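In: give the three-dimensional model of this entry:
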Amino acid sequence: MATAKKTPAKKASQPKEATAILRADHKLVSDLFEQFEGTRSTPKKAKIVAQICKELTVHAQIEEEIFYPAVKAALKDKELVPEATVEHATLKDLIAQVQGVEPDGEMYDAKVKVMGEYVKHHVKEEQNEMFPKAKATKLDLMALGEQMLARKQELMAAQI
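Out: Numbering: from 1, shown residues only. The predicted structure is shown next:
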């Protein structure tokens, strides 16, 4: 009965421009944190956190490997990218504290909540400061986006 595959349509609708890809990731993770806040089910919490960790890990990696070096060079930046990189290190530490761990009460929930607040702060700085500055440069954000999407698909496949 299943005749049409939805995969090609989904790929066609994915953003291709670098900052649009990152904004879409930010929205997805924000929605996942909201889902976490709204659930009481331990198995559901574990599943949501696993997805958050996967999304954040891959997102941070494509930023660090592709987006940040390009932006740093284009802006001759000595502040925004280093600060974002330090924020990633803190996020990676929080991810390590909850990834693969069974939700076990208030400390687990607190770690996820703090991670969500930290991500919200990081996203705000990127979207309000770094992205507009990147768009104002001669960076080819479409080519950068294509490179990021290819790497993201590779990393997501490896995370399964």
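
In: residues contacting the closest residue to residue 67 other than its chain neighbours?
Out: If the residues on either side of it in the chain are set aside, residue 67 comes closest to residue 18, at 5.9 Å by CB to CB, 6 or more residues apart in numbering. For every residue, glycine as well, the C-beta is placed using N, CA and C. Going by CB atoms under 8 Å, 6 or more residues apart in numbering, residue 18 touches 67, 70, 134, 139, 141-142, 144-145, 148.

In: one more: residue 39?
Out: Counting by CB under 8 Å, 6+ apart, residue 39 touches 45, 48.

In: pLDDT below threshold where in the protein?
Out: Within the chain, the stretches with pLDDT under 70 are 1-15, 160.

In: now do 90
Out: Applying pLDDT under 90 to the chain picks out residues 1-16, 100-102, 104-106, 159-160.

In: quick one, helices of this structure?
Out: Applying DSSP state H to the chain gives helices spanning 7-13, 18-37, 42-62, 68-75, 80-98, 106-125, 131-135, 141-159.
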